[in-house]
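Asker: Provide a 3D model corresponding to the input given below.
(2 chains)
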Amino acid sequence: MITPLPVSLLMLAALGSAGGVVCLWWSWRAREPKPRLLKPLGWALLMLACLPWSRALGVEFGLAYALMVMTLAAWLLVIATAATGPAAAPEQVAQRLHWPTWRSLVRHTGLFLLVVPVAGVASALACVGAVRLLPWQPANSLTVVIVLQPLIWGALAYWFTAAPRIRRPLAASVLAGTAGAALIFL
Amino acid sequence: MKQLLSPALVKQSLAGHSWLGVALGALMYLICLSGTLAVFHHEWERWQQPDILEGEMLAPEQLQLAYEEVVSRMDAGVQMVIIGLPVADSPRTALVTGERAWFANRDGSLGAEIHHAWAELVTDLHVALHLPELWGMVVVSIFGALLCGLIVSGFLAHPRLFRDAFTLRFKGQARLEQADLHNRLSVWGSPFHLMIALTGAFFGLAQLLAVLVAVMFYDGDNERLVADLFGVPPKLEQPLQPAAVGRALAQMPQIAPDYEPFYITVENPGKADQYIIVGVEVPGRLIYAEQYRFNAAGDYLDHAGFSDGQPGQQFVFSLFRLHFGHFGGLPMQLLFLVGGLALSIVSVTGINVWLHKRKQRDALNHWWAGIVWGTPLALTLTALTDLLLGSATVALFWLTLLAAAVAAQWINDERRSRRLLQLLTAGLLLTVVGVHVWRYGVWTNGAAMSVNTALLVTALVLVCWAQLSYRRTATAVTAADYQAGSA
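Answerer: Numbers count the residues shown, from 1 in each chain, chains lettered A, B, ... in the order given. Got it, this is the predicted structure:
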């Protein structure tokens, strides 16, 4: 059954989202002393716009539209206010390709193994183990795992690649993974 | 933000962000670009076979005839028959059994076989990178998890991300242009990118995580976990007969008057325990479908409860529509098109920034230009071969990509190779539209005409981009040559 969309509510919502971004942009480009209220007003408008979006389309669709329209409005503003000019001459020197050394290959392969299998297994064990502590139905716990595991994996991958020495992230991964495995299998 | 992050942390985060970005960038670009196209997979399918009858739902009697015809042609051992019912963005009745699929005619007879080779090539690239499906889905999901890492490291590596939230400089050094574009698209698109990363990680990793969850909560019995999520299949022992799909569908206006059925599945067709599922779209909800179950005679049994079950169940059933933008109508699809293109551009500009930061230019620059602009070329070429020869092969896609990288190296000038590939793609797009119009005519269905228009616009954009970008950078290169000559 198709119900007509409340156009006026949708226009209000779109204006709120776009208006919020414009306020943020205005506050960003204003010279010192910057108007104090513009930035909070911008964020407030972005939040408030979620209400008419949700009222018009339901909470799930409404929040999705609120986020996507905010993103689109910001990108349009960025493009519309872009500084344009001639391109500068390239500074790089053309050379033959230098193939990586064995040492470098071993280092990167090692890092890959830490970032993908090690961080992946550690995050999976840690997240699944952690949800055992939640007093929830298994189906709901699975949801937490689904959201949390990629985030933890990504964070561990970042830690492995950013840390000057891998001892700390490796120790944290092994500890978290072992604790998770103990909760799952024991 | 700047005060919160120490220079050392920023430097380390940038190193981590670069490593992850360079490691993932090329395949991430393929996944994102093909995913952007996959948002419109119904439209591509209607474009690929525009001569199929479109219209209203078949009458229950005709639907029953079509189903029974499919059962008579079904291979042994098939575990499910799927009937796609006509809906707004795909107003066709399609019946799928095993590897074979047909459209239904209005009188209930089976019409043309379904042939969506190119649309499937694009979807398979996105879902599994053309690897064997199970492994490919896991690999692609790993990219989703690592995209989370890229988002985290991106925020920590760029302390001026919010201060420069609206800065875009299309002038001066190419590195700054690319960095500005990368950072602006990333920072504003981060909610969308994070959602894509998390939901994308689900499809392949959920099966692996479910094994661990089953060990913990169900003594390793995966079937109990599946039953908790998807419901327990009805236990039936019935006389052997064709499932009464028409009768089941005919009852839907009484059972769920506000919901529109969009598919029917028959589980274990032709067996004593077969049953029918009618899937309906729930307005305003992200869940893929609510399911109503019937026995083989078409008597109503119960509904699965995805729309009013456990929050976890509802969440899991919302991930598909959320990932592919199949909710909220065409405006949301268009927003996903923009968001998906932006994520593709973020993948490309990330590598561009890394390439520009190096002191030298070498084969990597050429190969990268070949991959970036060879991908749309390869996709267009496979679409053309599908239109002309009825075949869009994975090998042709990857060989074209390889050829583009080799050609870019041979040309030895990124600007020229980029322009050549852009113009070639534009030319092929025009050819694709020309062949489509020649085969099917101009006035086909709304989706096919929209796709043809979009392809023409894309060709025009590519020609303008090729010319303007080449001229702009040519001026800079000439100035550099002049300075080098003077020196």
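Asker: now residue B:189, nearest residue through space, not along the chain?
Answerer: If you skip the residues right next to it in sequence, residue B:189 has residue B:342 as its closest partner in space, 5.1 Å away by C-beta to C-beta, 6 or more residues apart in numbering or on different chains. Just so you know, the C-beta spots here come from the backbone N, C-alpha and C atoms, and that holds for glycine as well.
Asker: which SSE is the one you found in?
Answerer: According to DSSP states H and E, residue B:342 maps onto helix B:329-357.
Asker: buried sites along stretch A:13-33?
Answerer: Within stretch A:13-33, the residues scored as buried using 16 or more other C-beta atoms under 10 Å in any protein chain shown are A:13-14, A:16-28.
Asker: tell me the mean pLDDT for it?
Answerer: For stretch A:13-33, mean pLDDT rounds to 90.
Asker: extract the CA atoms of stretch B:218-233 and return them as PDB.
Answerer: The C-alpha trace of stretch B:218-233 is given here as PDB (Å, rounded to 0.1, in the frame of the first residue of the first chain):
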ATOM      1  CA  TYR B 218      24.600 -23.800  21.600                       C
ATOM      2  CA  ASP B 219      27.300 -26.400  22.400                       C
ATOM      3  CA  GLY B 220      28.600 -26.100  18.800                       C
ATOM      4  CA  ASP B 221      25.200 -26.800  17.300                       C
ATOM      5  CA  ASN B 222      25.100 -24.300  14.400                       C
ATOM      6  CA  GLU B 223      21.600 -25.300  13.400                       C
ATOM      7  CA  ARG B 224      20.200 -24.100  16.700                       C
ATOM      8  CA  LEU B 225      21.800 -20.700  16.200                       C
ATOM      9  CA  VAL B 226      20.300 -20.600  12.700                       C
ATOM     10  CA  ALA B 227      17.000 -21.600  14.000                       C
ATOM     11  CA  ASP B 228      17.100 -18.900  16.700                       C
ATOM     12  CA  LEU B 229      17.900 -16.300  14.000                       C
ATOM     13  CA  PHE B 230      15.800 -17.500  11.100                       C
ATOM     14  CA  GLY B 231      13.100 -19.500  12.900                       C
ATOM     15  CA  VAL B 232      12.600 -23.300  13.000                       C
ATOM     16  CA  PRO B 233      11.400 -24.800   9.800                       C
END
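Asker: pull the distance from it to the chain's centre.
Answerer: 29 Å (C-alpha atoms, centre = their mean, to the nearest Å).
Asker: residues contacting residue B:9?
Answerer: residue B:156 (C-beta atoms under 8 Å, 6 or more residues apart in numbering or on different chains).
Asker: to clarify, my last question referred to residue A:115.
Answerer: Residue A:115 is in contact with A:156, A:157, A:160, A:161, B:20, B:23, B:146, B:149, counting by C-beta under 8 Å, 6+ apart.
Asker: hmm, the fifth one is touching residue A:158, no?
Answerer: Yes: using C-beta atoms under 8 Å, residue B:20 makes contact with residue A:158 at a distance of 7.0 Å.
Asker: rewinding a little: redo the contacts of residue A:115 as CSV? Include distance to residue B:273 and secondary structure.
Answerer: Compiled in CSV, the contacts of residue A:115 are given as follows (distance: C-beta to C-beta, whole Å; DSSP: H, G, I helix; E, B strand; the rest coil):
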residue, distance to residue B:273, secondary structure
A:156, 45, helix
A:157, 45, helix
A:160, 50, helix
A:161, 51, helix
B:20, 49, helix
B:23, 48, helix
B:146, 43, helix
B:149, 46, helix
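Asker: tilt between the longest helix seen in chain B and helix B:329-357?
Answerer: When chain B is parsed with DSSP state H, its longest helix is helix B:174-218. Helix B:174-218 runs at 120 degrees relative to helix B:329-357, counting by axes from the mean of the first three to the mean of the last three C-alpha atoms, to 10 degrees.
Asker: who touches the following helix or strand past helix B:174-218?
Answerer: Elements were assigned by DSSP H and E; along the chain past helix B:174-218, the next helix or strand is helix B:222-230. Residues outside helix B:222-230 that contact it (C-beta under 8 Å, 6+ apart): A:137-139, A:142, B:210-211, B:213-214, B:217-218, B:233, B:304, B:312-313, B:316.
Asker: burial count for residue A:103?
Answerer: By the measure other C-beta atoms under 10 Å in any protein chain shown, the count of residues near residue A:103 is 8.
Asker: helix, strand, or coil at it?
Answerer: helix (DSSP: H, G, I helix; E, B strand; the rest coil).
Asker: now do residue B:83
Answerer: strand.
Asker: and for it, nearest residue in space, chain neighbours not counted?
Answerer: residue B:264 (4.2 Å).
Asker: remind me which residues of chain A are low pLDDT?
Answerer: Regions of chain A meeting the criterion pLDDT under 70 cover residues A:1-4.
Asker: mind listing what the residue nearest in space to the middle of it touches?
Answerer: For chain A, residue A:151 is the residue whose C-alpha lies nearest the centre (C-alpha atoms, centre = their mean; 9.2 Å). By C-beta under 8 Å, 6+ apart, the residues touching residue A:151 are B:148, B:198.
Asker: quick check: it vs residue B:439, distance?
Answerer: Going from residue A:151 to residue B:439 by C-beta to C-beta, to the nearest Å gives 48 Å.
Asker: likewise for residue B:165?
Answerer: 48 Å.
Asker: got the CA positions of the longest strand anywhere in chain A in CSV?
Answerer: As assigned by DSSP state E, the longest strand anywhere in chain A is strand A:83-87. The C-alpha trace of strand A:83-87 is given here as CSV (Å, rounded to 0.1, in the frame of the first residue of the first chain):
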residue,chain,number,x,y,z
ALA,A,83,39.6,27.5,-4.6
THR,A,84,40.5,26.9,-8.3
GLY,A,85,43.6,27.9,-10.2
PRO,A,86,46.3,26.5,-12.5
ALA,A,87,48.0,23.3,-11.7
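Asker: strand partners of the helix or strand just after that strand, parallel vs antiparallel please.
Answerer: Note on strand A:83-87: by DSSP H and E, the next helix or strand toward the C-terminus is strand A:93-94. The strands that strand A:93-94 pairs with in its sheet are strand B:360-361 (parallel) (by DSSP bridges).
Asker: check the offset of the partner strand from the chain's centre.
Answerer: For strand B:360-361, the distance to the chain centre is 35 Å (C-alpha atoms, centre = their mean).
Asker: is the following helix or strand past it in proximity to chain A?
Answerer: Later in the chain than strand B:360-361, the nearest helix or strand by DSSP H and E is helix B:363-389. Yes: judged by C-beta under 8 Å from any C-beta of the partner chain, helix B:363-389 and chain A are in contact via B:363, B:364.
Asker: so what does helix B:363-389 touch, helix or strand wise?
Answerer: helix B:7-38, helix B:117-128, helix B:329-357, helix B:394-411, helix B:414-440 (3 or more C-beta pairs under 8 Å, 6 or more residues apart in numbering or on different chains; DSSP states H and E).
Asker: pLDDT averaged over that helix - what is it?
Answerer: 96.
Asker: picking up where we left off before, next one, pLDDT for the residue nearest to residue B:83 please.
Answerer: Residue B:264 is given a pLDDT of 97.
Asker: go on, residue B:476?
Answerer: Residue B:476 carries a pLDDT value of 67.
Asker: likewise for residue B:4?
Answerer: Listed pLDDT for residue B:4 reads 69.
Asker: point out the residues in the stretch 1-150 of chain B that sit beside chain A.
Answerer: So the stretch 1-150 of chain B meets chain A at B:12-13, B:15-17, B:19-20, B:23, B:142, B:144-150 (C-beta under 8 Å from any C-beta).
Asker: what two of the residues you listed are the furthest from one another?
Answerer: Comparing all pairs in these by C-beta to C-beta, the longest separation belongs to B:12 and B:144, at 23.9 Å.
Asker: out of those two, which sits in the busier spot?
Answerer: Neighbour count, other C-beta under 10 Å: between residue B:12 and residue B:144, residue B:144 has more, with 24 against 20.
Asker: and the helix or strand encompassing that one with helix B:329-357, angle?
Answerer: Taking DSSP H and E as the criterion, residue B:144 maps to helix B:133-157. Angle of helix B:133-157 versus helix B:329-357, following the same axes, to 10 degrees, is 70 degrees.
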